[in-house]
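Colleague: no sequence for this one, just the structure:
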């Protein structure tokens, strides 16, 4: 596999062509800010983000950097966020804890 430095890596074996762990981890970090290790969907995705400067990690917590936030909002990923919005039924960038219309 080639060295992919984008925040969401391509995954040829996935049906959508994107790494699902990267998507879930990036959305978790975007929605919740500082996230404890135990709440992360993918530790390998977290390591990828930290290695390429998209996130920082300290004392078992991590958060997106400015570079990570800008990468998340890049037009290249808008189709992914739209699909997530359609699946969830609410804005993927808003935490479920603060979104009153989330279905249980």
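Modeller: Yep, that arrived. All values derive from a computational prediction rather than experimental measurement. Numbers count the residues shown, from 1 in each chain.

Colleague: lowest-pLDDT helix or strand in this protein?
Modeller: Least confident helix or strand, the chain: helix 78-88 with a mean of 84, by mean pLDDT, DSSP states H and E.

Colleague: just the buried positions in that helix, please.
Modeller: 80-81, 84 (16 or more other C-beta atoms under 10 Å). For glycine as for every other residue, the C-beta is placed from the backbone atoms N, C-alpha and C.

Colleague: same list (the residues you listed) but as JSON lines, adding distance to residue 24.
Modeller: Listed next are these as JSON lines, based on distance: C-beta to C-beta, whole Å:
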{"residue": "80", "distance to residue 24": "11"}
{"residue": "81", "distance to residue 24": "13"}
{"residue": "84", "distance to residue 24": "9"}
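
Colleague: and residue 69, how far from residue 29?
Modeller: Distance of residue 69 to residue 29, computed by C-beta to C-beta, to the nearest Å: 9 Å.

Colleague: how about the strands in the protein?
Modeller: 35-36, 55-58, 61-64 (DSSP state E).

Colleague: circling back to that earlier point, so residue 69 and residue 29 - more neighbours on which side?
Modeller: Counted by other C-beta atoms under 10 Å, residue 69 and residue 29 do not tie: residue 29 has more neighbours, with 26 against 15.

Colleague: just the pLDDT for residue 1.
Modeller: Note for residue 1: predicted pLDDT of 37.

Colleague: kindly report the same for residue 25.
Modeller: Per-residue pLDDT puts residue 25 at 93.
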